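1. Need coordinates for the following:
(one chain, ligands or ions: 1)
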Amino acid sequence: MSFKALVSRQREDGSITSQVETLEDDALPDGNVTVAIDHAGLNYKDAFCLTGRGGLVRNYPNVAGIDFAGTVEDSSDDRYKPGDGVILTGWRVGELHWGGYSQKQRVNADWLVPLPKSLDARKAMVLGTAGLTAMLAITRLEELGIHPDSGTILVTGASGGVGSISIMLLKTLGYKVAALTGKPGELDFQALGADEIVERQGFMAPEDRPIDSARYAGAIDTVGGSILGRVLKQISYGGAVASLGNAAGIDFETSVLPFILRGVTLAGIDSVMQPYDPRVIAWERLGKLFDFDKYEALVEEIGLEGLPDAADRILDGKIKGRVLVTP
Ligand code: NDP
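-> From the prediction side, this is the model:
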């Protein structure tokens, strides 16, 4: 049986080129479950894998795609049988193991979670890794004692996948939300659920002091860099920041003041190696909480051929919401 996949190859000069190719089943990697892929997503990290940035992909040819959802075609693992709906996110699939930019993929059963009854494959990939990470970040803030009466939650990188989904989820849960963005006029953040829009330029502009006025009970930071340092200074007493991204950089400067004067917690969020049980709980919760109809305006649909262009746009910060890939 043959299938189509976007195959990334390395040229002699080291640059990466990705093209749709027709492959035979015997080209599939080792694994115990073969999945017919209905949809994949495009995430910031996918753009790194497609362009060769960051050295995430070690071996070529590679099929990128860090998340996908589909139907089990063949399984030698007791947990899954043909016809089962499944989701895969993370586990370094798309980097170290062939991923979702393909009509089918063979993977390790340990990496899969069952598709919850409240979702279908399309909905699962509208959310994708971005949705899972947003849900994990909110859950972590809740575990740290943040609740809707604590005060406003700041979401950075608000127009991006994780940011926009976080805003919608927080609003549904009853939180007041501030959206920090570099694209204030390009998106209806209020319709998404934001009570307040904070322009990135203005946020970074005021005179830099060791600590600022306390404005937010918590934050979901998808961008890192100097923005994260500034966010920490504006968190109120007992608040918490979920740090999960690096779109603005990996380094940031801070002092101990937010921690020792206000008892602020900085919590790291990782979706890639997240164990099975919290994944399943997060997906079930997403299926119940997320308003897909409301989010549809932020879903861009592409095929495998559209991926190289979309990867360039996500790296330039030009994508709004989520890109859904139908192989
Ligand atoms: P997107 O590209 O969809 O969103 C990132 C957003 O960040 C952009 O839309 C833009 O929002 C903002 N941004 C982009 N570039 C800059 C910049 N130079 N300075 C400041 N802000 C910038 O990416 P995702 O939502 O998919 O991912 C967001 C981040 O989270 C990435 O760094 C990604 O690697 C990370 N991530 C981490 C995960 C984990 O498990 N920890 C899982 C998933 C993602 P705006 O213009 O509105 O400010």
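
2. hey, let's count contacts and neighbours off CA atoms from now on
-> Will do.

3. residue contacts, the nearest residue to residue 108 once chain neighbours are set aside?
-> Nearest non-adjacent residue to residue 108, counting by CA to CA, 6 or more residues apart in numbering: residue 31, 4.9 Å away. Residue 31 makes contact with 106, 107, 108, 109 under the criterion CA atoms under 8 Å, 6 or more residues apart in numbering.

4. Just the ones in strands from the residues you listed, please.
-> With DSSP state E as the criterion, strands contain 106, 107 from among these.

5. Looking at neighbours, which among the contacts of residue 31 is most surrounded?
-> residue 106 (24 neighbours; other CA atoms under 10 Å).

6. Report pLDDT for that residue.
-> What the model reports as pLDDT for residue 106 is 98.

7. I'd assumed residue 266 was in a helix, is it?
-> No: checked against DSSP: H, G, I helix; E, B strand; the rest coil, residue 266 lies outside a helix; its state is strand.

8. Quick check: closest non-adjacent residue to it.
-> residue 241 (4.9 Å).

9. who's in contact with that neighbour?
-> So residue 241 contacts 141, 218, 219, 220, 221, 232, 235, 264, 265, 266, 267 (CA under 8 Å, 6+ apart).

10. Any chance of a ChimeraX selection covering the buried ones in these?
-> Remark: buried members of those, expressed as a ChimeraX selection using 16 or more other CA atoms under 10 Å:
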select :141,218,219,220,221,232,235,264,265,266
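
11. can you put the contacts of residue 241 in TSV and add distance to residue 149 and pLDDT?
-> TSV is the format used below for the contacts of residue 241 (distance: CA to CA, whole Å; pLDDT from 0 to 100):
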residue	distance to residue 149	pLDDT
141	13	98
218	11	98
219	14	98
220	17	98
221	20	98
232	20	97
235	15	98
264	17	98
265	18	98
266	20	98
267	20	98
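
12. which bits of the stretch 201-327 of the chain sit near the ligand?
-> Proximity of the stretch 201-327 of the chain to the ligand is confined to 222-223, 244-248, 269-272, 314, 317, 319-320 under the rule CA under 6 Å from any ligand atom.

13. what residues are up against residue 28?
-> 105, 106 are the contacts of residue 28 under CA under 8 Å, 6+ apart.

14. Show the pLDDT at it.
-> pLDDT, residue 28: 97.

15. same deal with residue 78?
-> 98.

16. Please tell me how far it sits from the ligand.
-> Separation of residue 78 from the ligand (CA to the nearest ligand atom, to the nearest Å) stands at 28 Å.

17. Going along the chain, name the helices of the stretch 151-300 of the chain.
-> 161-172, 189-192, 200-204, 225-233, 257-262, 276-289, 292-295 (DSSP state H, counting those that start in this stretch).
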